[in-house]
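Trainee: Next one to model:
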Amino acid sequence: MKPRLSFCEKIRLICVLLFVAPWVLAIVAARFLLHALRNNLNIPIYLLNAGVRVLLGTFTAREIQTLLPPTEEVYRAWIRRKESLVKDPSLKERLRCDIQPLPEVNSSILWLGNRHKARKVVLYFHGGGYVMPGQPGHFECAWNAFVLSGVEMDTEVAVAFLQYSLAPAAKAPVQLRQAAFALSELLKAGFEPRDIAVGGDSAGGNVAMQLLHHIIEPHPEASRISLTEPLSAAFLVSPWLSREISSISFRKHDRNDMLSIAIMRSLAADARTHRYEIDSYRDDSWAEPLECLGTWLYGLNGAVKRLHIVVGEREVLADQIKALAKMLEVLKTEVQVTLQSYPNAGHDLFVAEGILGQIGEATIGMKQWFKGLL
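Mentor: You can find the predicted model right below:
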(Lines give C-alpha, C1' and ligand atoms only; values in the text may rest on other atoms or scores of the structure.)
Protein backbone atom coordinates (compact mmCIF):
# COMPACT_ATOMS: atom_id res chain seq x y z
CA MET A 1 0.00 0.00 0.00
CA LYS A 2 1.29 3.42 -0.93
CA PRO A 3 1.92 5.89 1.90
CA ARG A 4 -0.32 8.93 2.25
CA LEU A 5 1.85 12.00 1.89
CA SER A 6 1.05 15.14 3.81
CA PHE A 7 0.58 18.43 1.93
CA CYS A 8 4.14 19.47 2.78
CA GLU A 9 5.50 16.11 1.63
CA LYS A 10 3.66 16.45 -1.67
CA ILE A 11 5.08 19.94 -2.25
CA ARG A 12 8.58 18.67 -1.47
CA LEU A 13 8.19 15.73 -3.83
CA ILE A 14 7.06 17.99 -6.67
CA CYS A 15 9.98 20.36 -6.10
CA VAL A 16 12.51 17.53 -6.02
CA LEU A 17 11.05 15.98 -9.18
CA LEU A 18 11.08 19.26 -11.09
CA PHE A 19 14.12 21.10 -9.84
CA VAL A 20 16.54 18.72 -8.09
CA ALA A 21 16.37 15.19 -9.49
CA PRO A 22 16.95 16.09 -13.18
CA TRP A 23 20.16 17.97 -12.40
CA VAL A 24 21.42 15.35 -9.97
CA LEU A 25 20.65 12.60 -12.47
CA ALA A 26 22.51 14.40 -15.25
CA ILE A 27 25.59 14.90 -13.07
CA VAL A 28 25.65 11.37 -11.64
CA ALA A 29 24.94 9.72 -14.99
CA ALA A 30 27.76 11.68 -16.60
CA ARG A 31 30.16 10.66 -13.83
CA PHE A 32 29.15 7.00 -14.06
CA LEU A 33 29.41 7.05 -17.85
CA LEU A 34 32.92 8.48 -17.68
CA HIS A 35 33.85 5.90 -15.04
CA ALA A 36 32.54 3.07 -17.22
CA LEU A 37 34.38 4.32 -20.30
CA ARG A 38 37.65 4.76 -18.45
CA ASN A 39 37.50 1.27 -16.95
CA ASN A 40 35.95 -0.58 -19.89
CA LEU A 41 32.82 -1.46 -17.87
CA ASN A 42 29.28 -2.34 -18.97
CA ILE A 43 27.83 1.08 -19.82
CA PRO A 44 24.08 0.21 -19.62
CA ILE A 45 24.61 -1.45 -16.23
CA TYR A 46 26.46 1.56 -14.84
CA LEU A 47 23.90 4.03 -16.17
CA LEU A 48 21.24 1.94 -14.45
CA ASN A 49 23.31 2.05 -11.26
CA ALA A 50 23.40 5.83 -11.57
CA GLY A 51 19.62 6.00 -11.81
CA VAL A 52 19.09 3.82 -8.74
CA ARG A 53 21.67 5.84 -6.81
CA VAL A 54 19.82 9.07 -7.61
CA LEU A 55 16.49 7.53 -6.61
CA LEU A 56 17.80 6.30 -3.25
CA GLY A 57 19.93 9.35 -2.58
CA THR A 58 17.52 12.11 -3.62
CA PHE A 59 14.08 10.93 -2.50
CA THR A 60 12.86 9.83 0.93
CA ALA A 61 11.57 6.30 1.47
CA ARG A 62 7.96 7.50 1.50
CA GLU A 63 8.52 9.44 -1.71
CA ILE A 64 10.06 6.40 -3.40
CA GLN A 65 7.05 4.30 -2.41
CA THR A 66 4.74 6.99 -3.78
CA LEU A 67 6.56 7.10 -7.13
CA LEU A 68 6.90 3.33 -7.61
CA PRO A 69 4.03 0.83 -7.87
CA PRO A 70 3.64 -1.70 -5.02
CA THR A 71 5.25 -5.13 -5.38
CA GLU A 72 1.96 -6.92 -6.11
CA GLU A 73 1.09 -4.45 -8.87
CA VAL A 74 4.56 -4.91 -10.38
CA TYR A 75 4.09 -8.68 -10.24
CA ARG A 76 0.72 -8.59 -12.02
CA ALA A 77 2.09 -6.33 -14.75
CA TRP A 78 5.20 -8.48 -15.20
CA ILE A 79 3.11 -11.66 -15.51
CA ARG A 80 0.88 -10.04 -18.16
CA ARG A 81 3.82 -8.75 -20.15
CA LYS A 82 5.84 -11.96 -19.91
CA GLU A 83 2.88 -14.12 -20.89
CA SER A 84 2.31 -11.97 -23.98
CA LEU A 85 5.94 -12.41 -25.04
CA VAL A 86 6.27 -16.15 -24.42
CA LYS A 87 5.15 -18.40 -27.27
CA ASP A 88 5.84 -21.82 -25.74
CA PRO A 89 2.55 -23.15 -24.25
CA SER A 90 4.42 -25.07 -21.54
CA LEU A 91 6.06 -21.84 -20.36
CA LYS A 92 2.75 -19.97 -20.44
CA GLU A 93 1.39 -22.50 -17.95
CA ARG A 94 4.09 -21.35 -15.55
CA LEU A 95 3.11 -17.71 -15.99
CA ARG A 96 -0.21 -17.60 -14.18
CA CYS A 97 -0.92 -14.90 -11.63
CA ASP A 98 -0.90 -16.84 -8.36
CA ILE A 99 -1.01 -14.84 -5.13
CA GLN A 100 -1.05 -16.67 -1.80
CA PRO A 101 -2.16 -14.28 0.96
CA LEU A 102 -0.48 -14.49 4.35
CA PRO A 103 -2.93 -12.35 6.36
CA GLU A 104 -1.49 -13.48 9.69
CA VAL A 105 1.64 -11.44 8.97
CA ASN A 106 0.18 -8.85 6.58
CA SER A 107 2.08 -10.29 3.65
CA SER A 108 1.71 -12.58 0.63
CA ILE A 109 3.62 -14.95 -1.61
CA LEU A 110 3.71 -14.10 -5.31
CA TRP A 111 4.35 -17.31 -7.24
CA LEU A 112 6.42 -17.79 -10.37
CA GLY A 113 6.04 -21.22 -11.95
CA ASN A 114 3.49 -23.88 -11.02
CA ARG A 115 3.60 -24.44 -7.26
CA HIS A 116 1.18 -27.37 -7.50
CA LYS A 117 3.55 -29.34 -9.76
CA ALA A 118 6.84 -28.06 -8.35
CA ARG A 119 9.38 -30.51 -6.96
CA LYS A 120 11.74 -27.72 -5.89
CA VAL A 121 10.91 -24.28 -4.53
CA VAL A 122 12.94 -21.10 -4.07
CA LEU A 123 11.83 -18.67 -1.35
CA TYR A 124 13.02 -15.33 -2.68
CA PHE A 125 13.43 -12.01 -0.84
CA HIS A 126 13.88 -8.93 -3.01
CA GLY A 127 16.31 -6.10 -2.42
CA GLY A 128 15.82 -2.36 -2.40
CA GLY A 129 17.16 -1.25 0.96
CA TYR A 130 13.88 -2.27 2.63
CA VAL A 131 12.32 0.88 1.17
CA MET A 132 11.78 -0.03 -2.50
CA PRO A 133 9.05 -2.42 -3.63
CA GLY A 134 9.97 -5.37 -5.82
CA GLN A 135 10.84 -4.43 -9.39
CA PRO A 136 10.24 -6.17 -12.75
CA GLY A 137 13.95 -7.03 -12.78
CA HIS A 138 13.55 -9.08 -9.61
CA PHE A 139 10.87 -11.23 -11.21
CA GLU A 140 12.84 -11.43 -14.47
CA CYS A 141 16.05 -12.68 -12.89
CA ALA A 142 14.17 -15.11 -10.62
CA TRP A 143 12.37 -16.51 -13.67
CA ASN A 144 15.55 -16.78 -15.73
CA ALA A 145 17.77 -18.22 -13.02
CA PHE A 146 15.42 -20.59 -11.24
CA VAL A 147 12.25 -21.44 -13.17
CA LEU A 148 14.01 -21.75 -16.54
CA SER A 149 16.87 -23.72 -14.96
CA GLY A 150 14.24 -26.18 -13.80
CA VAL A 151 12.81 -26.41 -17.31
CA GLU A 152 16.29 -27.04 -18.73
CA MET A 153 16.97 -29.74 -16.11
CA ASP A 154 13.51 -31.33 -16.46
CA THR A 155 12.69 -30.51 -12.83
CA GLU A 156 9.67 -28.38 -12.00
CA VAL A 157 10.77 -25.34 -10.00
CA ALA A 158 8.56 -22.63 -8.52
CA VAL A 159 9.66 -19.36 -6.93
CA ALA A 160 7.84 -18.15 -3.82
CA PHE A 161 8.46 -14.40 -4.03
CA LEU A 162 7.73 -12.80 -0.65
CA GLN A 163 5.96 -9.47 -0.65
CA TYR A 164 7.22 -8.11 2.66
CA SER A 165 6.36 -4.84 4.37
CA LEU A 166 8.54 -1.83 3.63
CA ALA A 167 10.37 0.59 5.91
CA PRO A 168 10.05 3.02 7.55
CA ALA A 169 6.44 2.00 8.30
CA ALA A 170 7.66 -1.55 9.04
CA LYS A 171 10.98 -1.88 10.82
CA ALA A 172 12.97 -4.96 11.87
CA PRO A 173 11.99 -7.61 12.85
CA VAL A 174 8.80 -7.34 10.78
CA GLN A 175 10.43 -8.71 7.61
CA LEU A 176 11.95 -11.64 9.51
CA ARG A 177 8.54 -12.45 10.98
CA GLN A 178 7.04 -12.49 7.48
CA ALA A 179 9.89 -14.57 6.04
CA ALA A 180 9.65 -17.16 8.83
CA PHE A 181 5.90 -17.48 8.34
CA ALA A 182 6.35 -17.90 4.58
CA LEU A 183 8.87 -20.70 5.11
CA SER A 184 6.48 -22.36 7.57
CA GLU A 185 3.76 -22.25 4.91
CA LEU A 186 6.03 -23.95 2.37
CA LEU A 187 6.76 -26.72 4.85
CA LYS A 188 3.05 -27.10 5.64
CA ALA A 189 2.35 -27.34 1.91
CA GLY A 190 4.45 -30.50 1.79
CA PHE A 191 7.81 -29.25 0.51
CA GLU A 192 10.66 -31.06 2.25
CA PRO A 193 13.60 -28.97 3.53
CA ARG A 194 15.87 -30.76 1.05
CA ASP A 195 13.74 -29.29 -1.77
CA ILE A 196 13.77 -25.68 -0.52
CA ALA A 197 16.33 -22.96 -1.28
CA VAL A 198 16.08 -19.51 0.29
CA GLY A 199 17.85 -16.32 -0.69
CA GLY A 200 17.72 -12.83 -1.99
CA ASP A 201 19.61 -9.81 -3.20
CA SER A 202 20.89 -6.83 -1.19
CA ALA A 203 18.37 -6.25 1.64
CA GLY A 204 16.79 -9.54 0.57
CA GLY A 205 20.09 -11.25 1.28
CA ASN A 206 19.90 -9.68 4.71
CA VAL A 207 16.45 -11.24 5.23
CA ALA A 208 17.83 -14.63 4.16
CA MET A 209 20.64 -14.43 6.74
CA GLN A 210 18.16 -13.39 9.42
CA LEU A 211 16.04 -16.42 8.55
CA LEU A 212 18.99 -18.82 8.83
CA HIS A 213 19.86 -17.27 12.21
CA HIS A 214 16.24 -17.63 13.31
CA ILE A 215 16.13 -21.33 12.38
CA ILE A 216 19.11 -21.99 14.67
CA GLU A 217 18.38 -19.45 17.41
CA PRO A 218 14.69 -18.50 17.25
CA HIS A 219 13.72 -14.87 17.44
CA PRO A 220 10.95 -14.50 20.05
CA GLU A 221 8.73 -12.47 17.69
CA ALA A 222 8.83 -14.87 14.70
CA SER A 223 7.21 -18.28 14.22
CA ARG A 224 9.54 -21.07 15.23
CA ILE A 225 10.87 -23.24 12.38
CA SER A 226 11.39 -26.93 13.14
CA LEU A 227 13.31 -28.69 10.38
CA THR A 228 13.66 -32.44 10.03
CA GLU A 229 16.83 -31.78 8.01
CA PRO A 230 18.71 -28.71 6.74
CA LEU A 231 17.41 -26.66 3.84
CA SER A 232 18.95 -27.53 0.49
CA ALA A 233 20.70 -24.18 0.05
CA ALA A 234 20.73 -20.44 0.60
CA PHE A 235 22.06 -17.73 -1.68
CA LEU A 236 23.06 -14.16 -0.89
CA VAL A 237 23.49 -11.72 -3.78
CA SER A 238 25.35 -8.57 -2.72
CA PRO A 239 23.89 -8.97 0.79
CA TRP A 240 23.67 -6.09 3.24
CA LEU A 241 25.21 -7.57 6.39
CA SER A 242 26.41 -4.77 8.64
CA ARG A 243 26.08 -1.12 9.64
CA GLU A 244 29.81 -0.74 8.99
CA ILE A 245 30.53 2.03 6.47
CA SER A 246 34.23 2.71 7.08
CA SER A 247 35.88 -0.19 5.24
CA ILE A 248 38.20 0.19 2.28
CA SER A 249 35.50 -0.87 -0.20
CA PHE A 250 33.21 1.92 1.03
CA ARG A 251 35.92 4.55 0.69
CA LYS A 252 37.12 3.23 -2.67
CA HIS A 253 33.74 2.83 -4.41
CA ASP A 254 31.63 5.45 -2.65
CA ARG A 255 31.41 7.71 -5.73
CA ASN A 256 30.89 5.05 -8.38
CA ASP A 257 28.54 2.42 -6.97
CA MET A 258 24.76 2.20 -6.86
CA LEU A 259 25.03 2.64 -3.08
CA SER A 260 27.01 5.21 -1.11
CA ILE A 261 27.94 5.92 2.49
CA ALA A 262 25.18 8.55 2.75
CA ILE A 263 22.58 6.21 1.22
CA MET A 264 23.50 3.38 3.58
CA ARG A 265 23.19 5.66 6.61
CA SER A 266 19.73 6.71 5.44
CA LEU A 267 18.56 3.16 4.72
CA ALA A 268 19.78 1.93 8.10
CA ALA A 269 17.87 4.71 9.85
CA ASP A 270 14.70 3.77 7.98
CA ALA A 271 14.93 0.01 8.53
CA ARG A 272 16.22 -0.37 12.09
CA THR A 273 14.57 0.34 15.43
CA HIS A 274 17.52 0.82 17.83
CA ARG A 275 15.24 -0.20 20.69
CA TYR A 276 16.54 -2.46 23.45
CA GLU A 277 14.46 -5.27 24.92
CA ILE A 278 14.48 -6.81 28.39
CA ASP A 279 15.97 -10.09 27.16
CA SER A 280 19.31 -8.37 26.42
CA TYR A 281 18.94 -8.42 22.64
CA ARG A 282 18.03 -5.60 20.36
CA ASP A 283 14.90 -6.37 18.40
CA ASP A 284 16.69 -5.52 15.14
CA SER A 285 19.97 -7.29 15.93
CA TRP A 286 19.16 -10.29 13.71
CA ALA A 287 19.33 -7.79 10.82
CA GLU A 288 23.05 -7.21 11.43
CA PRO A 289 24.66 -10.65 10.93
CA LEU A 290 28.25 -9.42 11.19
CA GLU A 291 27.47 -7.67 14.49
CA CYS A 292 25.14 -10.35 15.84
CA LEU A 293 27.80 -13.04 16.05
CA GLY A 294 27.59 -15.95 18.45
CA THR A 295 27.33 -19.67 18.85
CA TRP A 296 24.47 -19.78 16.31
CA LEU A 297 27.02 -19.64 13.48
CA TYR A 298 28.52 -22.94 14.62
CA GLY A 299 25.11 -24.50 14.14
CA LEU A 300 24.60 -23.15 10.64
CA ASN A 301 24.82 -26.66 9.18
CA GLY A 302 21.59 -27.44 11.03
CA ALA A 303 19.80 -24.81 8.96
CA VAL A 304 21.29 -25.18 5.49
CA LYS A 305 23.61 -27.46 3.54
CA ARG A 306 25.05 -24.97 1.04
CA LEU A 307 25.53 -21.22 1.03
CA HIS A 308 26.25 -19.36 -2.22
CA ILE A 309 27.51 -15.78 -1.85
CA VAL A 310 27.77 -13.34 -4.79
CA VAL A 311 29.81 -10.14 -4.65
CA GLY A 312 30.80 -7.40 -7.06
CA GLU A 313 34.40 -6.30 -6.55
CA ARG A 314 33.41 -2.69 -7.27
CA GLU A 315 30.57 -2.44 -4.74
CA VAL A 316 30.75 -0.63 -1.41
CA LEU A 317 29.56 -3.73 0.44
CA ALA A 318 32.36 -5.93 -0.95
CA ASP A 319 34.47 -6.04 2.22
CA GLN A 320 31.65 -7.06 4.55
CA ILE A 321 30.42 -9.70 2.10
CA LYS A 322 33.87 -11.26 1.78
CA ALA A 323 34.28 -11.02 5.56
CA LEU A 324 31.24 -13.27 6.01
CA ALA A 325 32.62 -15.84 3.55
CA LYS A 326 36.00 -15.77 5.31
CA MET A 327 34.42 -16.10 8.73
CA LEU A 328 32.42 -19.17 7.71
CA GLU A 329 35.55 -20.72 6.23
CA VAL A 330 37.47 -20.19 9.47
CA LEU A 331 34.64 -21.51 11.64
CA LYS A 332 34.42 -24.75 9.63
CA THR A 333 30.63 -24.94 9.97
CA GLU A 334 30.37 -27.93 7.60
CA VAL A 335 28.22 -25.79 5.31
CA GLN A 336 29.46 -25.85 1.72
CA VAL A 337 30.22 -22.15 1.11
CA THR A 338 30.93 -20.79 -2.36
CA LEU A 339 31.92 -17.20 -3.13
CA GLN A 340 31.25 -15.97 -6.66
CA SER A 341 33.06 -12.71 -7.42
CA TYR A 342 32.61 -10.42 -10.43
CA PRO A 343 35.64 -8.12 -10.88
CA ASN A 344 33.89 -5.42 -12.93
CA ALA A 345 30.55 -5.41 -11.11
CA GLY A 346 29.08 -2.95 -8.66
CA HIS A 347 26.16 -3.70 -6.37
CA ASP A 348 23.57 -6.33 -7.32
CA LEU A 349 24.64 -7.20 -10.86
CA PHE A 350 22.22 -10.16 -10.86
CA VAL A 351 19.12 -7.95 -10.56
CA ALA A 352 20.59 -5.22 -12.77
CA GLU A 353 20.75 -7.78 -15.57
CA GLY A 354 17.13 -8.67 -14.89
CA ILE A 355 16.05 -5.02 -15.08
CA LEU A 356 17.79 -4.65 -18.45
CA GLY A 357 16.45 -7.98 -19.70
CA GLN A 358 19.94 -9.41 -20.05
CA ILE A 359 21.06 -12.96 -19.34
CA GLY A 360 24.57 -11.86 -18.44
CA GLU A 361 27.41 -13.29 -16.40
CA ALA A 362 25.67 -13.00 -13.03
CA THR A 363 22.49 -14.70 -14.26
CA ILE A 364 24.50 -17.44 -15.98
CA GLY A 365 26.56 -17.93 -12.80
CA MET A 366 23.42 -18.26 -10.68
CA LYS A 367 21.91 -20.72 -13.15
CA GLN A 368 25.03 -22.88 -13.06
CA TRP A 369 25.04 -22.94 -9.28
CA PHE A 370 21.31 -23.63 -9.01
CA LYS A 371 21.39 -26.46 -11.53
CA GLY A 372 23.83 -28.19 -9.22
CA LEU A 373 20.97 -28.44 -6.68
CA LEU A 374 18.52 -30.08 -9.09
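Trainee: And the strands in the stretch 251-374 of the chain, which stretches?
Mentor: Here the stretch 251-374 of the chain has its strands, by DSSP state E, counting those that start in this stretch, at 304-312, 336-342.
Trainee: next one: phi and psi at residue 250?
Mentor: phi -70, psi -50 (degrees, to the nearest 10).
Trainee: give me the number of residues near it?
Mentor: Applying other Cβ atoms under 10 Å, we find 21 residues neighbouring residue 250. For glycine as for every other residue, the C-beta is placed from the backbone atoms N, C-alpha and C.
Trainee: what does residue 21 give?
Mentor: When counting by other Cβ under 10 Å, one arrives at 16 neighbours for residue 21.
Trainee: same thing with the one 3 residues further on?
Mentor: A count of nearby residues for residue 24, using other Cβ under 10 Å, gives 15.
Trainee: Going forward, the N-terminal residue is numbered 38.
Mentor: Understood, numbering begins at 38; the last thing we discussed is residue 61.
Trainee: contacting residues for it?
Mentor: Residue 61 is in contact with 91, 94, 95, counting by Cβ atoms under 8 Å, 6 or more residues apart in numbering.
Trainee: Select only the buried ones of these in PyMOL?
Mentor: The PyMOL command for the buried members of the contacts of residue 61 (criterion: 16 or more other Cβ atoms under 10 Å) is given here:
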select buried, resi 91+95
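Trainee: Just the ones of the contacts of residue 61 in helices?
Mentor: Under the assignment DSSP state H, the contacts of residue 61 contribute 91, 94, 95 to helices.
Trainee: circling back: with distance to residue 190 and pLDDT as extra columns, can I get the contacts of residue 61 in JSON lines?
Mentor: JSON lines is the format used below for the contacts of residue 61 (distance: Cβ to Cβ, whole Å; pLDDT from 0 to 100):
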{"residue": "91", "distance to residue 190": "40", "pLDDT": "98"}
{"residue": "94", "distance to residue 190": "41", "pLDDT": "97"}
{"residue": "95", "distance to residue 190": "43", "pLDDT": "98"}
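Trainee: Of the contacts of residue 61, which is the nearest to residue 375?
Mentor: Proximity of the contacts of residue 61 to residue 375 (Cβ to Cβ) peaks at residue 94, which lies at 32.3 Å.
Trainee: surely the closest one meets residue 297?
Mentor: Yes: if you go by Cβ atoms under 8 Å, residue 94 and residue 297 touch, sitting 6.5 Å apart.
Trainee: list the buried ones in stretch 46-65?
Mentor: In stretch 46-65, counting by 16+ other Cβ under 10 Å, buried: 49, 50, 53, 58, 62, 65.
Trainee: Please name the nearest non-neighbouring residue to the second one.
Mentor: Counting by Cβ to Cβ, 6 or more residues apart in numbering, residue 100 is the residue found nearest to residue 50 once chain neighbours are left out, at 5.0 Å.
Trainee: Residue ranges in the protein under the pLDDT threshold?
Mentor: Where the chain drops to pLDDT under 70, the residues are 310-321.
Trainee: Can you give me the domain assignment for it?
Mentor: Domain segmentation of the chain under automatic domain parsing yields 38-104, 106-296+313-408.
Trainee: Out of the ones you listed, which is the most enclosed?
Mentor: Comparing the domains of the chain on average neighbours per residue, with mean count of other Cβ atoms under 10 Å, the densest one is domain 106-296+313-408 at a mean of 20.
Trainee: Which of the three states applies to residue 137?
Mentor: strand (DSSP: H, G, I helix; E, B strand; the rest coil).
Trainee: same question, the one 10 residues further on
Mentor: Secondary structure for residue 147, judged by three-state DSSP, is strand.
Trainee: any idea how far it is from residue 94?
Mentor: According to Cβ to Cβ, to the nearest Å, residue 147 stands 28 Å off from residue 94.
Trainee: give me every residue that touches residue 151.
Mentor: With contacts defined as Cβ under 8 Å, 6+ apart, residue 151 is in contact with 130, 131, 133, 193, 195.
Trainee: I'd like to check which residues are in contact with the third one.
Mentor: Just to be clear, that refers to residue 133. Contacts of residue 133 (Cβ under 8 Å, 6+ apart): 116, 151.
Trainee: Residue 166 now?
Mentor: Contacts of residue 166 (Cβ under 8 Å, 6+ apart): 93, 204, 239, 240, 277, 300, 304, 307, 308.
Trainee: now do 10 Å
Mentor: Residue 166 makes contacts with 89, 93, 98, 101, 203-204, 239-240, 243, 277, 296, 300-301, 303-305, 307-308, as judged by Cβ atoms under 10 Å, 6 or more residues apart in numbering.
Trainee: Next up, identify which helix or strand it is on.
Mentor: Using DSSP states H and E, residue 166 is not contained in any helix or strand.
Trainee: Could you export the strands of the stretch 288-411 of the chain as JSON lines, including distance to residue 363?
Mentor: Listed next are those as JSON lines, based on distance: least, Cβ to Cβ, whole Å:
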{"stretch": "strand 341-349", "distance to residue 363": "10"}
{"stretch": "strand 373-379", "distance to residue 363": "9"}
